[in-house]
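1. Build me a model from this:
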Amino acid sequence: MLEVLVLAIALSMDAFAVAIGLGSKEKQHIASLAIKAAIYFGVFQGLMPLIGYLGGKGALSVIDGYAHWVAFLLLLLIGVKMIYESISERIEDDFKHITNRVMFMLAIATSIDAMAAGFSLTLSNQNPFVACALIAIVTFGFSWLGVFIGHKSGTWLENKAECVGGVVLILLAFKILLI
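-> As a prediction, the model looks like this:
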């Protein structure tokens with residue numbers, strides 16, 4: 001379960017970084033923005049790995065001999081992508097108003113990686129529903145906290161959180177090769 005917790009924390013860093021950016025932009029209604037971000041990001045980060053897991057289960061019979069390599073490559077690519085995004089322009093900077101539509105788009109954008117990472121759950125002995133619930137809960141908490149951190153301190157922590165998440169995913173990728 002520790003490995004799933006580490007995965008949950010790493011995956012939530014993308015949503016955490018976006019939540020910090022959102023919080024830094026919002027001057028009023030911080031509490032409602034924090035709840036909205038936590039719900040959107042938590043739900044999507046919890047559902048997407050389940051979709052990845054179910055797709056991975058279907059593909060596992062076809063790629064059974066190479067499943068560890070596929071999971072390794074997916075986590076490695078996601079980690080590298082997160083590190084790259086930590087040094088590039090922020091997507092939430094393009095939005096003037098934080099509407100439900102914007103939150104929906106941001107939730108999808110931050111959770112696509114979680115869908116690919118869900119494939120790695122096919123290689124573990126963890127209950128995928130419990131793992132996805134844990135990912136959702138961790139992301140909920142980090143997203144909620146991220147809005148308040150961004151509101152109080154600005155965006156200085158935003159890219160660092162995403163970079164750390166990327167590094168952790170890369171380390172998890174190499175751990176899969178050792179199994």
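
2. Buried residues, the lengthiest helix in the chain. List them.
-> Longest helix in the chain, counting residues (DSSP state H): helix 30-63. Buried residues in helix 30-63, defined by neighbour count with 16 or more other C-beta atoms under 10 Å: 30, 33-34, 36-42, 44-53, 56. Where you see a C-beta, it was placed from the backbone N, CA and C, and this is true even at glycine.

3. need the next SSE after that helix, C-terminal direction.
-> helix 67-86 (DSSP states H and E).

4. follow-up on the earlier one: what helices or strands is the longest helix of the chain leaning on?
-> Applying 3 or more C-beta pairs under 8 Å, 6 or more residues apart in numbering; DSSP states H and E, one finds that helix 30-63 contacts helix 2-25, helix 100-118, helix 128-153.

5. just the angle between the shortest one and helix 2-25, please?
-> Put plainly, it is helix 100-118. Angle of helix 100-118 versus helix 2-25, following axes from the mean of the first three to the mean of the last three C-alpha atoms, to 10 degrees, is 160 degrees.

6. pull the CA atoms of helix 100-118 into PDB?
-> Output of helix 100-118 as PDB, limited to C-alpha atoms (Å, rounded to 0.1, in the frame of the first residue of the first chain):
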ATOM      1  CA  ASN A 100     -16.800  25.100 -14.100                       C
ATOM      2  CA  ARG A 101     -15.900  24.600 -17.700                       C
ATOM      3  CA  VAL A 102     -12.300  25.800 -17.000                       C
ATOM      4  CA  MET A 103     -12.100  23.500 -14.000                       C
ATOM      5  CA  PHE A 104     -13.400  20.600 -16.000                       C
ATOM      6  CA  MET A 105     -10.700  21.200 -18.700                       C
ATOM      7  CA  LEU A 106      -8.000  21.600 -16.100                       C
ATOM      8  CA  ALA A 107      -9.100  18.400 -14.300                       C
ATOM      9  CA  ILE A 108      -8.900  16.400 -17.600                       C
ATOM     10  CA  ALA A 109      -5.600  17.900 -18.500                       C
ATOM     11  CA  THR A 110      -4.000  17.100 -15.100                       C
ATOM     12  CA  SER A 111      -5.400  13.600 -15.000                       C
ATOM     13  CA  ILE A 112      -4.500  12.200 -18.400                       C
ATOM     14  CA  ASP A 113      -1.100  11.200 -16.900                       C
ATOM     15  CA  ALA A 114      -3.000   9.300 -14.100                       C
ATOM     16  CA  MET A 115      -4.800   7.200 -16.800                       C
ATOM     17  CA  ALA A 116      -1.500   6.100 -18.200                       C
ATOM     18  CA  ALA A 117      -0.100   5.400 -14.700                       C
ATOM     19  CA  GLY A 118      -3.200   3.300 -14.000                       C
END
